[in-house]
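Asks: No sequence on hand, only this structure:
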């Protein structure tokens, strides 16, 4: 070992030398056959820890800091040091035994010894009882304070104007996984697994703060001087900041630096060790074997052989090497010192060296010693803990396991993404965690051999970890726990919903704004499988709570738990809307329709929205309608129908009230019908409907619809209205009017580019479609999904064009997929579109002067977007605006906005989710027929033998549409009744009532022939 620096009190320990200043390295020889493991330097004393665990001290002893009665330059064994093996030493003076216990002695007038007493001098090492139950991993001391790193917790003892004199947990560091700490002078610093944290005088910074400029630098080691800090990165770079009045920052100046700044003079070299004294800094470069020093040199502490300050890194005098390989072939190899470890403190510096014959390579501070980590949770440790829990040999070992399992910091630091140092990039957008390793460990814990440990983990999570999660984590690193916990399989078990799953949701919802946004960002980065499991987890919790709401919990707890689960799903839904991890229907909870009265829930929500929450039955009530993303299409349809019924009732009540007023004023002729009554003639259906609807106000449109065909006495119980919609829409949508273009390839209709009818025709079609929804009638509209997207303010895309006009859509897709560079020559396109109208082909510009702009590789996406926009928006703007105005006049509103385009289409025109067995099971029979009647049995045998297209034709024949209502096949409830007609007659369909007149055929063959004949010759409402 070599040393140099200030020796006025003998603190370097060179007993035979009376020099006050030792300006260059000298061999330290107080022991000959024993190796020094560590050196700690105080302001005026030094402590030496030997490999065998014995402690020696020397220097000033006015406060008993040497642990013995001798004072001077000769190191003496500390009296009363514990018999256990010493693992770590620190000045002023503390030592730690390998069991993690902490002893202290020396100056204690400011309470800095952590003994809960204030004593001017403690000359014999004493156990710090406050920390006796914690495993201490590292200790670091400053002038008036001390830091201790326990298993996942940083505690501090500080005296600032008699602030405290015992160890207290640092709450601002809870949850951060730390591996080291440094303190000297009046402030402290610590690197976590991915970032750097520091804190200083209470008056300036009373809690740890993150040094953001070092976030991306991969900091692996730090050292603190009295008023400056040096930082070593994984790549071997050195940053310094703080006081620079002596040049200790190495920036070729005496200026202070508020922000970390790289030492440029060392940029060409990889530094592997750094150490700070009071006002000087050292750096070791293994490639050259050089030790560099800079800063205050007035007391010889730089080892350059001079006593002047140095502003830039300068070589320490002497022959140095990092390993004996650097000395091969050198004739003077015996003169070299092979550096093992450098230490510095106060105004002294020590270098531990190896002998050439049995040398060890120099320590590399960039290689993180995992024994100095916060306790990791991995395969090895859980096996050890399992054994400890089985043996139950001491309460301390069990408590230690519990303490680690309850520590968010231990969990946060245990599953780092080490691939390409990803965890060093931890930020508000990158969690730096390997969730696969989390999953693997948890799967191992679920093995029966770990049942005792698993039970302990569950208790730790429930009683300590989750309740202690902070609403304001000190750093993003402390938030990994929110990603880790949902991977624990018991969270998916309904037994633990109340004790684990829902409390975690509450903890997440308690997060302040910024950490909550960080978690949203991290959820955006996770894989879709993880995200879906999280969604399913809280969907399951909602179903569990709704299923047991009457027996499971008292109302207050139910309200808080169900709200937590729903709000967390809402938070996840907002994230999913941005990143599209899963399809929107993955948030649906189909069980809600059977567990909740949707009509009642909607009514309560409606009253709450109307500002009537003061009503007693609404207070503390949770309405699921506030979270519409969990409703499937059927539930949303029920909500829309409830809303329609509510508005109908309001309109009816308004009409009735007005009628009462008219009777009182003797003006009965002005009485208004509580229904929207339309009188129409079959011979002039479109004109009459247009006339009738134009004379009614918007309020009248909200009333229940009744249709009367002139000259017919049928009472409209629903069938007449259905027939009215079918006949009217068939007439209005007929392509011969030119209002719509028919696309034979897809069998769909779309608004025509050029149309000569008045806008009110489109307005009428919109009203008719709105009235159909409003009056719960499925209509047969052959429009593409693009129409329903536009009604819900969703932009149509190329996929919609592929549906409407497959050939055009495929051609545009080929343009986008073409791999060559010669797009212009191959496709010969410009920014125009050709449209045919009444036999005349016109060329339309898609952009200004589009006929002059050629489609090339770099603008083809723009061309496709403009093409699609023209078809679905630009060319039809007038007609669509009139249509949507009429549609939204009847059934627009908040409830409609809850639908997805596919759901809106399914509600209006039905869907194609066929279940033919369900159709048979829900059928109703009249007359002589029952389910077991021979004719009925022959009918269903024949029907089930039909191919799909023939079955769809039968639906069209019987109901007027080949699609089924959104509630499913069972909601059709077809009726089959017997007739006295002979078997020479065909079956007859009464479309308005889903009624089939089926004669009693004598054989299956005759029935099949007659049924096929009726189906094949059906067109609209008559036989061709």
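Replies: Right, received. Where do you want to start? Values in this document were obtained by computation on a predicted structure and should not be read as measured data.

Asks: so what's the residue minimising distance to the centre of the chain closest to, chain neighbours aside?
Replies: Compute the mean C-alpha point of the chain, and by C-alpha atoms, centre = their mean the closest residue is residue 523, 1.6 Å away. Excluding the flanking residues, the one nearest residue 523 by C-beta to C-beta, 6 or more residues apart in numbering is residue 575, at 4.8 Å. The C-beta positions use only the backbone N, C-alpha and C, and glycine is treated the same way.

Asks: List the contacts of the one you found.
Replies: With contacts defined as C-beta atoms under 8 Å, 6 or more residues apart in numbering, the neighbours of residue 575 are 520, 523-524, 531, 581.

Asks: Checking the residue nearest to the centre of the chain next. Helix, strand or coil?
Replies: helix (DSSP: H, G, I helix; E, B strand; the rest coil).

Asks: Contact partners for the nearest residue to residue 846 once chain neighbours are set aside?
Replies: The spatial neighbour of residue 846 that comes closest, neighbours along the chain excluded (C-beta to C-beta, 6+ apart), is residue 866 at 4.0 Å. If you count contacts by C-beta under 8 Å, 6+ apart, residue 866 has them with 831, 846-847, 850.

Asks: if I look at the closest residue to residue 627 other than its chain neighbours, how far off is residue 898?
Replies: Once its chain neighbours are removed from consideration, residue 627 has its nearest residue in residue 566; the separation is 4.7 Å (C-beta to C-beta, 6+ apart). Separation of residue 566 from residue 898 (C-beta to C-beta, to the nearest Å): 15 Å.

Asks: same deal with residue 827?
Replies: The span separating residue 827 from residue 898 equals 42 Å under the rule C-beta to C-beta.

Asks: again, but for residue 234
Replies: Following C-beta to C-beta, the distance that separates residue 234 from residue 898 is 51 Å.

Asks: So the two - more neighbours on which side?
Replies: residue 898 (19 against 15; other C-beta atoms under 10 Å).

Asks: circling back to that earlier point, what pLDDT is listed against the residue nearest to residue 627?
Replies: Listed pLDDT for residue 566 reads 95.

Asks: re the thing from before, which of the contacts of residue 575 sits closest to residue 245?
Replies: When these are compared for distance to residue 245 (C-beta to C-beta), residue 520 wins out at 45.3 Å.

Asks: Give me the buried positions along the one helix or strand the closest one maps to.
Replies: For residue 520, the enclosing helix or strand under DSSP states H and E is helix 513-525. Neighbour counts using 16 or more other C-beta atoms under 10 Å place 515-516, 518-523 of helix 513-525 among the buried residues.

Asks: Please settle this for me: is the residue nearest to residue 846 part of a strand?
Replies: No: counting by three-state DSSP, residue 866 falls outside a strand, being helix.

Asks: Could you report the distance from it to residue 739?
Replies: Distance from residue 866 to residue 739, counting by C-beta to C-beta: 25 Å.

Asks: do the same with residue 971
Replies: For residue 971, the distance to residue 739 equals 31 Å [C-beta to C-beta].

Asks: cool, residue 827 as well?
Replies: Relative to residue 739, residue 827 is positioned 33 Å away (C-beta to C-beta).

Asks: In terms of neighbours, single out the busier of these two.
Replies: Neighbours were counted for residue 827 and for residue 739 using other C-beta under 10 Å; residue 739 has more, 20 against 17.

Asks: so the more buried one sits right up against residue 760, yeah?
Replies: No: the pair residue 739 and residue 760 does not pass the contact test of C-beta atoms under 8 Å, sitting 11.7 Å apart.

Asks: contacting residues for residue 901?
Replies: If a contact means C-beta under 8 Å, 6+ apart, then residue 901 has 785, 788-789, 791-792, 794 as its contacts.

Asks: tell me which of these is nearest to residue 310?
Replies: Checking the contacts of residue 901 against residue 310 by C-beta to C-beta gives residue 794 as the nearest, at 68.5 Å.

Asks: Give me the distance between the closest residue to that closest one other than its chain neighbours and residue 748.
Replies: Spatial nearest neighbour of residue 794, excluding adjacent residues (C-beta to C-beta, 6+ apart): residue 901 at 5.8 Å. Here the distance between residue 901 and residue 748 works out to 15 Å (C-beta to C-beta).

Asks: Over to residue 707?
Replies: From residue 707 over to residue 748 the distance is 28 Å, taken as C-beta to C-beta.

Asks: in the stretch 701-850 of the chain, which spans are strands?
Replies: Here the stretch 701-850 of the chain has its strands, by DSSP state E, counting those that start in this stretch, at 705-709, 740-743, 748-751, 832-837, 840-845.

Asks: Which one, of those, ends up nearest to residue 682?
Replies: Nearest of those (C-beta to C-beta): strand 705-709, 6.0 Å.

Asks: Which SSE is immediately downstream of the longest helix belonging to the chain?
Replies: Longest helix in the chain by number of residues (criterion: DSSP state H): helix 633-664. Beyond helix 633-664 on the C-terminal side, the first helix or strand identified by DSSP H and E is strand 676-680.

Asks: Buried residues, stretch 57-68. List them.
Replies: Within stretch 57-68, the residues scored as buried using 16+ other C-beta under 10 Å are 57-61, 63-68.

Asks: From those, pick the one nearest residue 726.
Replies: residue 65 (99.7 Å).

Asks: mind checking the SS state of the closest one?
Replies: Each residue gets one of three states, and residue 65 gets coil by three-state DSSP.

Asks: Quick check: it touching residue 45?
Replies: Yes: taking C-beta under 8 Å as the contact criterion, residue 65 and residue 45 are neighbours in contact, 5.4 Å apart.

Asks: residues touching the closest residue to residue 361 other than its chain neighbours, list them.
Replies: Excluding its sequence neighbours, the residue lying closest to residue 361 (C-beta to C-beta, 6+ apart) is residue 323, at 4.6 Å. Residue 323 sits next to 286, 338, 359, 361-362 when contact means C-beta under 8 Å, 6+ apart.

Asks: Could I have the buried ones of the residues you listed as ChimeraX selection syntax?
Replies: Remark: buried members of the contacts of residue 323, expressed as a ChimeraX selection using 16+ other C-beta under 10 Å:
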select :286,338,359,362
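
Asks: And the contacts of residue 323, which two are furthest apart?
Replies: Pairwise distances across the contacts of residue 323 peak at 13.0 Å for 286 and 359 (criterion: C-beta to C-beta).

Asks: where in the stretch 151-300 of the chain is pLDDT low?
Replies: 151-209 (pLDDT under 70).

Asks: any idea of the mean pLDDT in stretch 437-455?
Replies: Here the mean pLDDT over stretch 437-455 is 88, rounded to a whole number.

Asks: Next: stretch 588-598.
Replies: When the per-residue pLDDT values of stretch 588-598 are averaged, the result is 89.

Asks: please renumber so the chain begins at 48
Replies: Okay, using 48 as the starting number, the last item reads as stretch 635-645.

Asks: Identify each buried residue in that stretch, please.
Replies: Counting neighbours by 16+ other C-beta under 10 Å, the buried set in stretch 635-645 is 635-637, 639, 642-643, 645.

Asks: Dump these into TSV; add secondary structure and distance to residue 588 as well.
Replies: Formatted as TSV, the buried residues of stretch 635-645 follow (DSSP: H, G, I helix; E, B strand; the rest coil; distance: C-beta to C-beta, whole Å):
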residue	secondary structure	distance to residue 588
635	coil	15
636	coil	11
637	coil	16
639	helix	13
642	helix	13
643	coil	15
645	helix	20
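
Asks: No more questions from me, cheers.
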